[in-house]
Structures are given as structure tokens and as C-alpha cells.
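Visitor: got a sequence here, can you model it:
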Amino acid sequence: MIQAAFPKLLSSQIAFDIARTIREGFDKHYRLFRQTSQLAKQHFEQGAWKVAQLAARERIGFYDQRVQECVQTLEDEYVPAELTDEVWRECKLHFIGMLTGHKQPELAETFFNSVCCNILHRSYFHNEFIFVRPVVSTEYIETDELSPTYRMYFPGTDGLRFTLKRIVTNFQLKTRFANLDRDIEQVEKRLRQLFGAQELEPNHQIQVLSSLFFRNKGAYIVGKGVNGAREYPFVVPILHNRHGELILDTVLFEQEQIIILFSFTRAYFQVDMEVPSAYVQFLRSLLPRKPRSEIYTILGLQKQGKTLFYRDYLQHLKHSSDQFDVAPGIRGLVMLVFALPSFPYVFKVIKDFFPAPKDTTRALVKEKYLLVKHHDRVGRMADTLEYSNVAFPRHRVKEELIAEIRHFAPSLLEEDGDKIVIKHLYIERRMVPLNIWLGNADQEGDDTRLEHGVIEYGNAIKELVAANIFPGDMLYKNFGVTRHKRVVFYDYDEIEYITDCNFRDIPQARNEEDEMSAEPWYHVGKHDVFPEQFGRFLLGNAKIRKYFMRHHADLFTREFWQTRKERIQAGIVEDVFPYPQHIRFSYQGAPTPPPAHVAPTLLETTENE
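Guide: Below is the predicted model of the structure:
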């Protein structure tokens, strides 16, 4: 019947060949993606932290590399006259057919979109030519029998302690444990608190994802207890101790603790997944409030995350009526920031020109944002979504905002009838700017809140330093406060590596004229940083000064910055724990907790992001 209705529908050999080229391009991408994720286990076993960091960064670029390879192949093999609208329509249909039985169909559809959007004009960006809506279902995709998505264990039959030991040993880590029986006993005690007496019931089971989750210096066992309709998520971090042996560091089972681990402010996990949609479905049972877009991103599949985010955004536009407007807060010199009040994200556009004292270019700003995308964000830098040629319904954009874009970024604005198109922008999670948050606390006389903000700000700086990041512009307006009162850095145009900075003390004045001079009388190099000057910009408020000097006075000393720079240069990868320190098992030789300057408020803070 289909052939009778569409006798010429699939008659183009060119369309079939293009579809096959795109599918082969995606299959190559995902094969390399999985290889890197598989090597993460080896890097963890060997404690090769620098190699692991480099591999994680390189993996982020794999997708764009494969897309460009595919685009180049198609442009080399076909002349534009051959690529008619009918060819592109048929190409999509052929591609759908090629995804029968595919293990990653949703990712392949997104790859198809990326290739086509690099070749076609944006007027083709609708469901007739690309996958605006998904076509192939990801429900119940079968996995290889030898590598299921998760393994099931029955503690009611085997006993909880024996079951936990099987769970750990089934991952076949080649590095020896310092004392696995001791660790299992500690984990058992925690899980008995979670399960109660139910682990003895015959129908009680534990489900554990088959791949460890690797990130930074940790590997994580991700699972849940299941008893009827009740589910009990848990995560067990595995770390190296100071002697290079493995330990089970704690058990995360409170919802807030698991949310911190999977926060949008941290780098992507490396996970070996044959069927990623099955991992997403499992994680959603642990994190029911997290959208699928964020879970795909957590798993390192950030392009799929972008695709789903944009679909969610389009749905939000359909079901809302408010207008885009300039975001509240101090206007930036580099970025024009706007928002939709009903949508929890902000849109950032790089301006065409930058007034003094900014000395940068659009290309340099994009490099800084790319640096953050490839870097370990240690829970203190917001992830960004980068888009091109984004169309907005004109009636949903305030005229004042359109006027500002025309003035500050005319090269990025295209006005097309009832739409305006922005050629390049970033989207970030919306937060309350720290300067506004502190100002409100001060006006309301809420000293507890004010002190918390200062502590969190200093902790954010120190954790960025541990990750070899110098924020550059440390003003409060460049930091945001999440819904759960964590301070996060989000303005990246002046970001630098700590190792590229030269931290100096201000030389002693030679005479009275030097002391009174409005300009430095000493030479200042491009990468010179004078920590003792930070107070001039940060300590104008007397209460803020009091709390800052109480908790973070070391930030104003050259010694603090130089010591950490030297540790990084010596190849030391610092421990930055994504969970509260008070829940860790206390073992001799365990990784060193954060230094004493990190206040308890940070260690016990939770977030729901």
C-alpha cells in the first residue's frame, strides 16, 4: 500500500548515498565516543589523572569533528544542483529506514540535523527536511545480552553484604582495594538505614548500572533498591587513597546529595553505554525532576542535550505569552543579556564593540567560552549552550530589546518579517546576580544571609583555583546564586589559567609622589595579578569586609595564589568533592579533605539544580 501511494518516493540513489554517508559518520562518532569512555576505566585504575582530563576534553570535540568530516565529504562528492528539495526530503526517509534496530537512534537523528543544518539554509529547518520531532522510538531498545544496561541483585536471597561485594567486584577494577571487606561493611550500614529491614524480603532487588561513571578522580557506582513500587536511589564513590589503593568513600542516598553529584555546574561523566536512552531512563528514576536534556548532557552527550533543550524551549514558547526583555542587573560591557521571565534561562549575545577598559574581540570571547566548555567546572561554573541562527517571534520580543540588539550587536541581528534571527548566542541557567543577592541581604539586615554569600563567594574562587581557573573579573556581578544558595561563576570573557598568571606583590613606593600617583609607577605586564588590590573592588561594604576578612582574607595575599599555582605546575590534581564531607567514611590514607579555610557552610550546602 505504501509503495502504491508513493511509487516514486524512494527513487533517488543520491538521497540514499547521502543518508548512508551521514549514518556512517554518526556510527564512527559514537564508536570513538565509546572507546574514550572505555579508556576512562583504565585511566582511573592507573591514577593517570592528567591523561584522563585530556581525554575528557578531547571527547567533547569529537562530535563537531565528525560533523565537519561528513559535511566536507558531501560537499566534495555532490554539486549543489544535484541536491534538490526532493533529494533532501527523500534523504530523511532513507535515513529513518537505516535506523531500524539501531542502538542510538535519537543521537543519530541529531547528527543528521547537525550535518543538514551545516549545508541547508535555515528556511529548511522544519520537520519536512530535518528531525524537528523525533521519529524513532527509544523505548525498549534491546541491549547485548553480555552487557545489559543494568544488573539485578537479590539481597533477600544472598544477604546484603555478599550482594554488595558482588556488585563491586563485578566491575572488575584491576587496582587492588585497600580493604574491601571493611568498606563493604560501612556501605552495608548506610544502606540498611536506607532500606530498613526490606533487604530481607524475597521480592527486594538492587539494580546497578553496568558501567561505572567516571569523572575527575572518582568512579561512581549508580544504582537503586527496588521493592514493589518503592525505589531507593544510591551512589557509591570509589576513590584512590594516598597509597594508590582503592576505597569506597561513602554512600550518597539523599536526593539532594545525588543532585549535587549530577549538577549542571560540573563536567560531563564518561560512561560506556551501548543504549544511552536506557541510561537516561534509569537516571530519571533517580532524578525525576531533571529534564532528559540535562541527563543526556550529564552523560557527555551534550549535542543531544541541546536538541532536547531546544525542543522544550519551543514547547514553552507555545504555552506562554510573556515577552523577552533585557535581564535585570548591571549591564555588561561585553555581553547583552536578555531573558523570558517565565523561562529559567538567560540568553547572552556578544556585542560588536566593547568600551574601555575592555580590550578583547568576539573571537577571543568565544575562545573563553569554549575553554569553559572543555574544562572541569568543579561545581562552580555554569554550563553554556551555544546556538546559531535562533529565530524569535517578533511579537514576543520587546521593542526596547530589539533596539538594544540593533545598537550593540547589529552584525548578529537579522530582521525577517514577523521573526528576528540572532546569528549567535549562548544560553545559561538563570541565577540571581551575587551583587543583587548581597545587596538585598544587607538592606534587609539579614547578616546570616550576607555572611553565607561571602563564604560561598570565597569558596567558589578557591575551588576554581583548584581547577586552574582564574576568573579575571572577580566583581560580584559576574557570579550568580542558585536556587539553593550556591555561588557560581558565569561571566567568562576574562577567564585565564592560573598557570598563565603572574601573581605579584605591589612594589614598595620609592617616594611620596609614587604613593600619591593615580597610575601605577611600576611596570604591569599583561598577565600580572596583584591580589592585594582585590579588596579595593570587593570590600566597599563594612559588613562584607568583616565577613570576608573572617573567612577568606588569604585571597588578598600573593602567597595563596602562588602556592596553588606551584601545586598545579607540579602536576598535582586537587581533590574537589561533589558531596558533603561529613558523610565520608574516615579512613587512614583517604584523600585529603578541603583545607581548613573551606567553611562548613560549603560542605553542608545542597542544591537542586
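Visitor: quick one: low-confidence ranges for this protein?
Guide: Residues of the chain that meet the criterion pLDDT under 70 lie in 1-9, 197-202, 514, 588, 592-609.
Visitor: give me the domain ranges for it.
Guide: As assigned by automatic domain parsing, the chain contains the domains 2-124, 150-302, 320-430, 433-576.
Visitor: hey, which of those is tucked in deepest?
Guide: Using mean count of other C-beta atoms under 10 Å, the stretch among the domains of the chain with the greatest mean number of neighbours is domain 150-302 (a mean of 19). No exception for glycine: its C-beta is placed from N, CA and C like everyone else's.
Visitor: could I get the domains of the chain as a markdown table with distance to residue 143?
Guide: Formatted as a markdown table, the domains of the chain follow (distance: least, C-beta to C-beta, whole Å):
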| stretch | distance to residue 143 |
| --- | --- |
| domain 2-124 | 8 |
| domain 150-302 | 5 |
| domain 320-430 | 29 |
| domain 433-576 | 34 |
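Visitor: now the helices for the stretch 251-400 of the chain?
Guide: With helices called from DSSP state H, counting those that start in this stretch, the stretch 251-400 of the chain shows them at 255-261, 276-286, 292-298, 302-318, 362-373, 399-408.
Visitor: closest to residue 159 out of those?
Guide: Closest to residue 159 of those, according to C-beta to C-beta: helix 276-286, at 24.6 Å.
Visitor: need the contact partners of the closest one.
Guide: 104, 106-107, 138, 141, 143, 149-150, 207, 209, 211, 222, 224, 231, 233, 258, 262, 271, 273, 290, 292, 295-296, 298-299, 301, 304 (C-beta atoms under 8 Å, 6 or more residues apart in numbering).
Visitor: switch the helices of the stretch 251-400 of the chain over to a markdown table; also include distance to residue 387.
Guide: Formatted as a markdown table, the helices of the stretch 251-400 of the chain follow (distance: least, C-beta to C-beta, whole Å):
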| stretch | distance to residue 387 |
| --- | --- |
| helix 255-261 | 26 |
| helix 276-286 | 22 |
| helix 292-298 | 13 |
| helix 302-318 | 7 |
| helix 362-373 | 12 |
| helix 399-408 | 15 |
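Visitor: closest one to residue 71 among the ones you listed?
Guide: That would be helix 302-318 among the helices of the stretch 251-400 of the chain, by C-beta to C-beta, at 14.7 Å.
Visitor: run the angle between that closest one and helix 276-286 for me.
Guide: 60 degrees (axes from the mean of the first three to the mean of the last three C-alpha atoms, to 10 degrees).
Visitor: the residue nearest to residue 432 when sequence neighbours are not counted and residue 430, how far apart?
Guide: Once flanking residues are discounted, residue 432 sits nearest to residue 481: 4.7 Å by C-beta to C-beta, 6 or more residues apart in numbering. Residue 481 is 11 Å from residue 430, where distance means C-beta to C-beta, to the nearest Å.
Visitor: in three-state terms, label residue 232 for me.
Guide: Look at residue 232: counting by DSSP: H, G, I helix; E, B strand; the rest coil, its state is strand.
Visitor: what about it, distance to residue 190?
Guide: Residue 232 is 11 Å from residue 190, by C-beta to C-beta.
Visitor: any common contacting residues for these two?
Guide: Shared contacts of residue 232 and residue 190, defined by C-beta under 8 Å, 6+ apart, comprise residue 253.
Visitor: out of the helices of the stretch 251-400 of the chain, nearest to residue 523?
Guide: Of those, the one closest to residue 523 (C-beta to C-beta) turns out to be helix 362-373, at 23.6 Å.
Visitor: what about the spatially closest residue to residue 148 that is not a sequence neighbour, distance to residue 50?
Guide: Nearest residue to residue 148 in three dimensions, chain neighbours excluded: residue 210, at 6.0 Å (C-beta to C-beta, 6+ apart). With the distance defined as C-beta to C-beta, residue 210 ends up 28 Å from residue 50.
Visitor: can you check residue 396 too?
Guide: In terms of C-beta to C-beta, residue 396 sits 47 Å off from residue 50.
Visitor: quick one, helices of the stretch 101-250 of the chain?
Guide: Counting by DSSP H, counting those that start in this stretch, the helices of the stretch 101-250 of the chain are 105-119, 155-158, 160-169, 180-195.
Visitor: okay if I get those as TSV plus distance to residue 496?
Guide: Converted to TSV, the helices of the stretch 101-250 of the chain look like this (distance: least, C-beta to C-beta, whole Å):
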stretch	distance to residue 496
helix 105-119	31
helix 155-158	51
helix 160-169	41
helix 180-195	40
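Visitor: in which helix or strand does the nearest residue to residue 52 once chain neighbours are set aside reside?
Guide: In this structure, residue 52 finds its nearest non-sequential neighbour in residue 43, 3.9 Å apart by C-beta to C-beta, 6+ apart. If you go by DSSP states H and E, residue 43 is part of helix 13-46.
Visitor: which phi and psi does residue 228 have?
Guide: Here is the backbone geometry of residue 228 (degrees, to the nearest 10): phi 70, psi -130.
Visitor: now do the same contact list for it.
Guide: So residue 228 contacts residue 203 (C-beta under 8 Å, 6+ apart).
Visitor: 295 is where my numbering starts, stick with that
Guide: Taking 295 as the first residue, the last one we looked at is residue 522.
Visitor: where along the stretch 595-744 of the chain do the strands fall?
Guide: 619-620, 629-633, 639-644, 678-687, 707-710, 713-723, 726-727 (DSSP state E, counting those that start in this stretch).
Visitor: let me have these in TSV, extended by distance to residue 365.
Guide: Shown next, in TSV, are the strands of the stretch 595-744 of the chain (distance: least, C-beta to C-beta, whole Å):
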stretch	distance to residue 365
strand 619-620	36
strand 629-633	29
strand 639-644	25
strand 678-687	14
strand 707-710	22
strand 713-723	18
strand 726-727	39
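Visitor: dump the residue contacts of the closest residue to residue 765 other than its chain neighbours.
Guide: Excluding the flanking residues, the one nearest residue 765 by C-beta to C-beta, 6+ apart is residue 783, at 5.6 Å. Counting by C-beta under 8 Å, 6+ apart, residue 783 touches 674, 675, 676, 754, 758, 765, 772, 773.
Visitor: which strand residues bridge residue 783?
Guide: Beta-bridge pairing of residue 783 under DSSP bridges involves residue 675, residue 773.
Visitor: hmm, back to that, quick one: which of the strands of the stretch 595-744 of the chain is nearest residue 863?
Guide: Using C-beta to C-beta, the strands of the stretch 595-744 of the chain put strand 678-687 closest to residue 863, at 28.2 Å.
Visitor: got a list of contacts for the closest one?
Guide: With contact meaning C-beta under 8 Å, 6+ apart, strand 678-687 is reached by 416, 419, 599-600, 603-604, 611, 618, 642, 663, 666-667, 710, 712-722.
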